[in-house]
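[1] Would you be able to build a 3D model of this:
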Amino acid sequence: MRGLRFLSLLTFIATIGSIIYILNGKDDFYSIFEDIERGSAQTLTFTQKIKSYFAYADSWNYLILAAFIAILIFLFVFNDFFLGKFFQNQKRGKNGNGSFLTGGFVWLTRMFLSIVLVFVEFVLLSNIIILIYSSGKLLNNPGDIASRKTVLLLGTNKRTKSGNDNLYYYARIQAVVDLYKSGKVRKIVISGDNSRADYNEPGDMRRDLIKKGIPSSIIVLDYAGFRTLDSVVRLKNEYRVRDVIIVSQKFHVERALFLSWFYNIEAKAYVARGNMTNEMLKRELLAKPKVLMDLFLFNMQPKYGKTQVRAGIDLKRDKDLVLLITVGTLFLISGLLLKNTFIY
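    Residues are numbered from 1 along each chain as shown. Below you'll find the predicted structure:
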């Protein structure tokens, strides 16, 4: 038992040491997304790939990372406590002491289940946060829009992978047409992917909107909307828009609204028709946690253009110092709580 507890403690220390080493590395790396596009991601070592995620991280991201790790440890200990109670009751019910192998297997099972529960809790909490924030900003009636606005139309492929018409695409087109006919549109920014010569989301949408009677003079194309984050950041930085109506399906605009809040854009969403498929549901469950991690942990940047540089943590500012001490204390307490998880 002592050997197992020592091994567990050593693993924990090695994990924390690895994180510190990765974050404090002196080498510069491109974003992992740029590495993938250049085809060079496969040549990077594991450590280099991890570092590339933090290519744009600042001191605030590292502070939030420490708090994030501490909170995950709290959840892990909380889960382990109740799982431990459950396994103890099961053991008593069998009236047996159990062998070392049985005890070790139960301990490993408890650890594994605790980690799985932490992942599930983080995913659910991330989805709940974004859902709650966006709930009051979703519009289904053009009459709910007070005045003429700039519309951000989020791009998607006109065809599905199987070659059929993409119903999400046509629903977004129709939603913008409905807004225009109601007199609520001042300008339309179509933001989508045009990374290849044979793939042009903004161009396709522009042509279909013009066919529906929308004048080309009010349409602006953003060919670098590779991700929702890119579309939102570029809307503010490149097109100077700070008050917008976002058009896409409900599951998509929820993320876009949260991104808009983070980047200080006044945004509401006009919801296009379209329900999630099972595949889309799985994707969205993980996409929302990724939004939180991109914003708060990695400070992800659009492929073209940058967000505003934040001031670093200043120990001369009382608020920064108190926050730093609070996170440090949180991290210390979470580490102390781990000691009970090494006993089975």
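[2] Strands of this protein, start to end?
    Ranges of strands in the chain, per DSSP state E, are 138-139, 149-154, 185-191, 219-222, 243-249, 266-272.
[3] What residues does Asn299 make contact with?
    Counting by CB atoms under 8 Å, 6 or more residues apart in numbering, Asn299 makes contact with Tyr56, Ala57, Asp58, Asn61, Thr307. All C-beta atoms are positioned from the backbone trio N, CA, C, and that covers glycine.
[4] Just put the strands of the chain in CSV and tack on mean neighbour count, mean pLDDT and distance to Phe74.
    Converted to CSV, the strands of the chain look like this (neighbours: other CB atoms under 10 Å; pLDDT from 0 to 100; distance: least, CB to CB, whole Å):
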stretch, mean neighbour count, mean pLDDT, distance to Phe74
strand 138-139, 17, 94, 33
strand 149-154, 25, 96, 36
strand 185-191, 22, 96, 39
strand 219-222, 20, 96, 41
strand 243-249, 24, 96, 35
strand 266-272, 22, 95, 33
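[5] Mind putting these into CSV with distance to Asn127?
    Output for the strands of the chain, formatted as CSV (distance: least, CB to CB, whole Å):
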stretch, distance to Asn127
strand 138-139, 15
strand 149-154, 19
strand 185-191, 24
strand 219-222, 28
strand 243-249, 16
strand 266-272, 17
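[6] related to what we said a few turns ago, return the subset of the contacts of Asn299 lying in helices.
    Cross-referencing the contacts of Asn299 against helices under DSSP state H gives Asn61.
[7] Nearest approach to Lys282 belongs to which of the strands of the chain?
    strand 243-249 (15.5 Å; CB to CB).
[8] relative to strand 266-272, how tilted is that closest one?
    30 degrees (axes from the mean of the first three to the mean of the last three CA atoms, to 10 degrees).
[9] Does anything pack onto strand 243-249? Which helices or strands?
    Applying 3 or more CB pairs under 8 Å, 6 or more residues apart in numbering; DSSP states H and E, one finds that strand 243-249 makes contact with strand 149-154, helix 167-181, helix 250-262, strand 266-272.
[10] With Asn278 as the reference, measure out to Tyr223.
    31 Å (CB to CB, to the nearest Å).
[11] Contact partners for Ser248?
    By CB under 8 Å, 6+ apart, the neighbours of Ser248 are Leu153, Leu154, Thr156, Tyr168, Arg172, Ala256, Ala269, Val271, Ala272.
[12] and Lys290, how many neighbours?
    15 (other CB atoms under 10 Å).
[13] Next one: it, what pLDDT does it get?
    On pLDDT, Lys290 comes in at 93.
[14] picking that back up, quick check: which of the helices and strands packed on strand 243-249 is nearest to Ile115?
    Nearest to Ile115, of the helices and strands packed on strand 243-249 and by CB to CB, is helix 250-262 at 26.0 Å.
[15] quick check: mean pLDDT across that closest one?
    Mean pLDDT, computed over helix 250-262, is 95.
[16] From the contact counts, what lies against that helix?
    Counting by 3+ CB pairs under 8 Å, 6+ apart, helix 250-262 packs on helix 100-134, strand 138-139, strand 149-154, helix 228-237, strand 243-249, strand 266-272, helix 278-293.
[17] Now do the buried residues in stretch 189-201.
    Residues Val189, Ile190, Ser191, Gly192, Asp193, Asn194, Asn200, Glu201 are the ones in stretch 189-201 that count as buried (16 or more other CB atoms under 10 Å).
[18] Which of the contacts of Asn299 sits closest to Ser231?
    Of all those, Ser231 sits closest to Thr307, with 13.3 Å by CB to CB.
[19] so how far is Asn166 from that closest one?
    Taking CB to CB, one finds Thr307 at 30 Å from Asn166.
[20] now do Leu65
    Distance, Leu65 to Asn166, using CB to CB: 38 Å.
[21] Then Gly225?
    Noted for Gly225: a distance of 16 Å to Asn166, by CB to CB.
[22] Those two: who's more crowded?
    Higher neighbour count among Gly225 and Asn166: Gly225, with 29 against 15, using other CB under 10 Å.
[23] hmm, back to that, which among the contacts of Asn299 end up buried?
    Neighbour-count burial (16+ other CB under 10 Å) is assigned, among these, to Tyr56, Ala57, Asn61, Thr307.
[24] can you put these in TSV and add distance to Leu315 and pLDDT?
    Converted to TSV, the buried ones among the contacts of Asn299 look like this (distance: CB to CB, whole Å; pLDDT from 0 to 100):
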residue	distance to Leu315	pLDDT
Tyr56	23	88
Ala57	19	88
Asn61	17	90
Thr307	24	87
